[in-house]
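Enquirer: Next one to model:
(one chain, ligands or ions: 1)
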Amino acid sequence: MKIVKTAYEVRNIVNEWRKKGLSVGFVPTMGYLHEGHQSLIEKAVKENDRVVVSVFVNPMQFGENEDFDSYPRDIDRDSEICEKAGCSVIFNPDISEMYGEYFSSFVNMNTLPQRLCGKSRPIHFKGVCTVVTKLFNIVCPDRAYFGQKDAQQLAIIKRMVSDLNFNINIIGCPIVREEDGLAKSSRNTYLNAEERKAAVVLSRSLKIGKSLMENGEKSAEKIISAVKEEINKEKLAKIDYIEIVDMNRLQPVNEINCQVLVAIAVYIGKTRLIDNFIM
Ligand code: PAF
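Expert: Take a look at the predicted model:
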């Protein structure tokens, strides 16, 4: 496995693979990899001849008061995980490689980024769409793998790829959870012991919503209030949002009569965590 720092090197390597007729899978990440990322890489390895993983903490997707500086980084640990999972190349660029001095082009999207996480993170998805576009243009993969935990991100990337005619198959992969149900996330490392216990309230409250739906409840309001009631029992938790939206437009629904995304964002102490399920 190679670790490369420049777009030029990635392009050359991928061009050589292409000459041999090899297929290319791509897993974009911000590093500090966990079992969730590992499952994406392993799936990519199964479905492609070669796999590129990018490790880049993208400053453009963090708001001013967000955790860009404190976001955990450990390229040595990431390399070990990638190598074990069967990755061929890690692309680990510096900020200056991705955003040159005169950088001024952005990819933005109407509607889909406006609700859910986009409400409290207004510039986030512009940063995600811009960096993912750049990474797609550098790696030119056949398939790219994204986790379902960031359900809005996955929906936005799928829309962008369709709207802008990228020739890339976007593959969504299931959420990987800790034994007690907490969705794996690099940000879980911010939690102290007490907060870590409290964080289980996200998956526990969603379970309650899911079971209501499985038992025939169709009112979004009732499901949301049951989820809310459970979260409010946890004193360290503060709700950012609880929403039930349709899968295509990410617009709120009143009645559950199509495929919906039930998504929540909750602060546990200072750490903002997200979780969701699709039904
Ligand atoms: O999901 C992430 O880790 C990031 O948003 C991504 C897709 C790597 C873009 O920086």
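
Enquirer: What residues does the residue in the stretch 51-200 of the chain positioned nearest to the ligand make contact with?
Expert: In the stretch 51-200 of the chain, the residue that lies nearest the ligand is N58 (4.0 Å; CB to the nearest ligand atom). (C-beta placed from N, C-alpha, C; glycine too.) Shown in contact with N58 (CB atoms under 8 Å, 6 or more residues apart in numbering): M30, M98, G127, V128, V131.

Enquirer: quick one: contacts for the last one?
Expert: Going back to what we said before, that points to V131. V131 touches P28, F56, N58, M60, Q61, M98, counting by CB under 8 Å, 6+ apart.

Enquirer: Mind jotting down where the helices sit in the stretch 151-279 of the chain?
Expert: For the stretch 151-279 of the chain, applying DSSP state H, counting those that start in this stretch gives helices covering 151-163, 193-198, 201-214, 220-232.

Enquirer: For the stretch 101-250 of the chain, which residues are neighbours of the ligand?
Expert: Taking CB under 6 Å from any ligand atom as the criterion, the stretch 101-250 of the chain approaches the ligand at residues V128, V131, V132, D150, Q153.

Enquirer: run the last query once more with 8 Å
Expert: Contact residues, the stretch 101-250 of the chain versus the ligand (CB under 8 Å from any ligand atom): G127, V128, V131, V132, L135, F146, G147, D150, Q153, I157, S186.

Enquirer: how about the fourth one, phi and psi?
Expert: If I follow you right, that is V132. phi -70, psi -40 (degrees, to the nearest 10).

Enquirer: I'd say it and P28 touch.
Expert: Yes: because the distance of 6.2 Å satisfies CB atoms under 8 Å, V132 is recorded as touching P28.

Enquirer: So between these two, which is more surrounded?
Expert: Set V132 next to P28 and count neighbours by other CB atoms under 10 Å: V132 wins out with 27 against 24.

Enquirer: could you list every residue that touches the more buried one?
Expert: Contacts for V132 were tallied using CB under 8 Å, 6+ apart; they are P28, I157, M160.

Enquirer: Against E42, how distant is the first one?
Expert: Between P28 and E42 the computed distance is 16 Å (CB to CB, to the nearest Å).

Enquirer: What is the burial count for F106?
Expert: F106: 12 surrounding residues under other CB under 10 Å.

Enquirer: same check, this time on the one 4 residues further on
Expert: The burial count assigned to N110 is 6, neighbours taken as other CB under 10 Å.

Enquirer: What count of nearby residues applies to Y267?
Expert: Burial of Y267 is recorded as 15 neighbouring residues (other CB under 10 Å).

Enquirer: That one and I231 touch, don't they?
Expert: No: contact status for Y267 versus I231: not in contact, 10.4 Å apart, counting by CB under 8 Å.

Enquirer: Overlap in contacts, these two.
Expert: Counting by CB under 8 Å, 6+ apart, the residues touching both Y267 and I231 are A237, I239.

Enquirer: Could you confirm K119 falls within a helix?
Expert: Yes: remark: K119 belongs to a helix, assigned using DSSP: H, G, I helix; E, B strand; the rest coil.

Enquirer: For the residue nearest to it when sequence neighbours are not counted, give me its contacts.
Expert: Nearest residue to K119 in three dimensions, chain neighbours excluded: Y241, at 6.6 Å (CB to CB, 6 or more residues apart in numbering). By CB under 8 Å, 6+ apart, the residues touching Y241 are L116, K119, S120, A263, I264, A265.
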